[in-house]
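Enquirer: Could you look at this predicted model? Sequence included:
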Number of protein chains: 2
Amino acid sequence: MATLEDIGRALGVSKSTVSKALSGAGDVSEAMRKAVLETAVELGYSRLHRSDEAARIAVFITNMDFSRPEDFGYDILVGFRKLAEPAGYHVSIIALNHEMENSSTYDEYMMRGNYEGGFFLGLSLDDPWLKDFASCRTPAVLYDNRVSGNPAVTYVGADNMEAMQLAVSYLKGLGHRKIGYLSSELGAYVYQQRYLDFFRALQENGLPCDQSLGRSSLLPSVCVTEHLPVLLSQGCTAIVCSHDALAIQVLARCREQGIRVPEDLSVLGFDDLPACASTVPPLTTIRQNRTEIGKSAYCALSSQIHGVPLSTFLLHTELILRGSCTAPSKTT
Amino acid sequence: MATLEDIGRALGVSKSTVSKALSGAGDVSEAMRKAVLETAVELGYSRLHRSDEAARIAVFITNMDFSRPEDFGYDILVGFRKLAEPAGYHVSIIALNHEMENSSTYDEYMMRGNYEGGFFLGLSLDDPWLKDFASCRTPAVLYDNRVSGNPAVTYVGADNMEAMQLAVSYLKGLGHRKIGYLSSELGAYVYQQRYLDFFRALQENGLPCDQSLGRSSLLPSVCVTEHLPVLLSQGCTAIVCSHDALAIQVLARCREQGIRVPEDLSVLGFDDLPACASTVPPLTTIRQNRTEIGKSAYCALSSQIHGVPLSTFLLHTELILRGSCTAPSKTT
């Protein structure tokens, strides 16, 4: 393993300058600090922990609520911390933003903060660090994002392909032939994946799979006011939604418009948020077990930190039957 | 949890008959034993361990050598046992065959043997138990086989999609344009998957991906005497093989035929068997870390036994550069 001397030698500066730069002491220029961090990463330097100091893990969150029990990220974080903290890790929760990502690389950020690894929730495909993950050396576990070819990066999530199979074959079993799909913007890996998996499931079930059956927008209001009527006019008797929050908006819109759910339209969600049990009608949905996902993410990160090159770690999903789906009332 | 009484009540027999049937005592008819096992599985009965008795796990092996260090399965088993035995499990290694699979269901077999879970190596798509895995209740971890929709079944293996990306983009970087693929028979999930992933990688790399570039046979001799010449006549300057044993046969055949590797033809394997380091020339290949796969399989099975619904657990692969690939000597 590289030492402080090795880093100093590579840069032609003293060991004490290197040490100050790494510890964030005030009398080293920002340019020097950056050069030292980059070189330390390059040489594979790892800071040793003092024996009285807990090892540190960072959880980075963006585009996701997590502070209240009804928020999507809450149970994931609880699951993660339930395993990480008893194992002796200090877990820092960090709100990620593009400015932060642009100001240093992922490796530099982690070295500066003395973190052994990071768990990421809610990354979009345009997050600048996503490029870093192709070659970073610090273990990173990405919820719902797949980065191929780097042994230090692991993808953790729900088995979306299985989930879409469960949803589509259930609706087909009820008698639906024309099933539509409404999605959030396809700017996140997970939404792209579910979209593709939905169409693969249609195909494998021998159902019509014209691309016009899938529609997406960043704005739920566009999904419900523009896309939903188009799907209905195409003869869809059931709609699968990319996530529960959108499905709940579809239920609200149907109520406004006098479209009866499930008699006129079956609606199926994804996630099983706590709110699904109390919508009108209660929402049939695909459950991803968020506490287990959080625990699995910790197991994956811990494996990575110990050198196990985990690539992919997916959990089974489950179809939760409530009141928002039934057999279609008319033939299409 | 169901008791012996519950099983007896369901069948209208005494608790002692149920107990004898489950323990394999001699004075119960085979028909009764089968009925008791089926009912026990149906009711979710689990046998309790005596405190002096180790919990039991079964490893089922078929179509795979594993007894010597140079065998494919050896390191997988070592990795598995390295974690399972210190954790207190007794591990039984069982040669699987169709007769055994036809004589009882997976759940019945496991209940009769008092096994908490099974790890499967080498299953083909025509193995009768593969159908059982769609709905079995006993945890099963399948190496290189994906069964969707059952929370008790986990797929463990190498990230084949990443592997084919590594192989194809490396060969493209060397200057190859027309890359062929030779495969074992497509009667196993893993060979089907690698075949599809190879073509996906060609497509993503913007290379010709005519289906005639992929050829398969159960017999390596057919691959090297019939398929290899066809690929060469199509202008292939590089061949990716579905597994090392086949790549090694390709090297031998090229030597016989005066085809120089790598000057006339680049050859790339999959697995990184110990033999690859001493072939002539040494084989460039994709490594799957078999010890880590064995360890991961144990982690997955242990998670399953504790109720974590793991679906998929993949490990990163690694491109091992040796002497069997170089830039193509002539333009195609």
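Expert: That came through, no problem.
Enquirer: C-alpha only now, for contacts and for neighbours.
Expert: Noted.
Enquirer: Which residues of the stretch 101-250 of chain A lie near chain B?
Expert: Counting by C-alpha under 8 Å from any C-alpha of the partner chain, the stretch 101-250 of chain A comes close to chain B at A:148-151, A:159, A:162, A:166.
Enquirer: switch to 6 Å and redo it
Expert: Counting by C-alpha under 6 Å from any C-alpha of the partner chain, the stretch 101-250 of chain A comes close to chain B at A:148, A:151, A:162.
Enquirer: Break chain A down into its domains, please.
Expert: What automatic domain parsing lists as the domains of chain A is A:4-158+A:292-315, A:160-288.
Enquirer: in the stretch 151-300 of chain A, which ranges drop under the pLDDT threshold?
Expert: Applying pLDDT under 70 to the stretch 151-300 of chain A flags no residue at all.
Enquirer: can you pull out the helices in it?
Expert: According to DSSP state H, counting those that start in this stretch, the stretch 151-300 of chain A carries its helices in the segments A:160-174, A:189-204, A:220-222, A:228-233, A:244-257, A:290-305.
Enquirer: Single out the most deeply packed of those.
Expert: When you average the neighbours per residue for each of the helices of the stretch 151-300 of chain A (mean count of other C-alpha atoms under 10 Å in any protein chain shown), helix A:290-305 leads with a mean of 23.
Enquirer: what distance separates that helix from the centre of its chain?
Expert: How far helix A:290-305 lies from its chain's middle: 13 Å, per C-alpha atoms, centre = their mean, to the nearest Å.
Enquirer: repeat for stretch A:186-205
Expert: Offset of stretch A:186-205 from its chain centre (C-alpha atoms, centre = their mean): 15 Å.
Enquirer: immediately after whichever strand or helix holds A:Ala58, which helix or strand?
Expert: With elements taken from DSSP states H and E, the one containing A:Ala58 is strand A:55-61. Counting by DSSP H and E, the next helix or strand C-terminal to strand A:55-61 is helix A:72-84.
Enquirer: what residues does that following helix touch?
Expert: The contact list for helix A:72-84 (C-alpha atoms under 6 Å, 6 or more residues apart in numbering or on different chains) reads A:65-67, A:290-291, A:294-295, A:298.
Enquirer: got the CA coordinates for that helix in PDB?
Expert: Taking Å, rounded to 0.1, in the frame of the first residue of the first chain, the C-alpha atoms of helix A:72-84 are listed here in PDB:
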ATOM      1  CA  PHE A  72     -39.900   5.900  -0.200                       C
ATOM      2  CA  GLY A  73     -36.300   6.000   1.100                       C
ATOM      3  CA  TYR A  74     -37.100   5.700   4.800                       C
ATOM      4  CA  ASP A  75     -37.200   1.900   5.100                       C
ATOM      5  CA  ILE A  76     -34.200   1.500   2.800                       C
ATOM      6  CA  LEU A  77     -32.100   3.700   5.200                       C
ATOM      7  CA  VAL A  78     -33.500   1.900   8.200                       C
ATOM      8  CA  GLY A  79     -32.500  -1.400   6.800                       C
ATOM      9  CA  PHE A  80     -29.100  -0.200   5.800                       C
ATOM     10  CA  ARG A  81     -28.300   1.300   9.200                       C
ATOM     11  CA  LYS A  82     -29.700  -1.700  11.100                       C
ATOM     12  CA  LEU A  83     -26.800  -3.700   9.800                       C
ATOM     13  CA  ALA A  84     -24.100  -1.100   9.300                       C
END
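Enquirer: Could you check the angle it makes with helix A:244-257?
Expert: Using axes from the mean of the first three to the mean of the last three C-alpha atoms, to 10 degrees, the direction of helix A:72-84 lies 160 degrees away from that of helix A:244-257.
Enquirer: Which positions within helix A:72-84 qualify as buried?
Expert: Neighbour-count burial for helix A:72-84 flags A:72-81, A:83-84 (criterion: 16 or more other C-alpha atoms under 10 Å in any protein chain shown).
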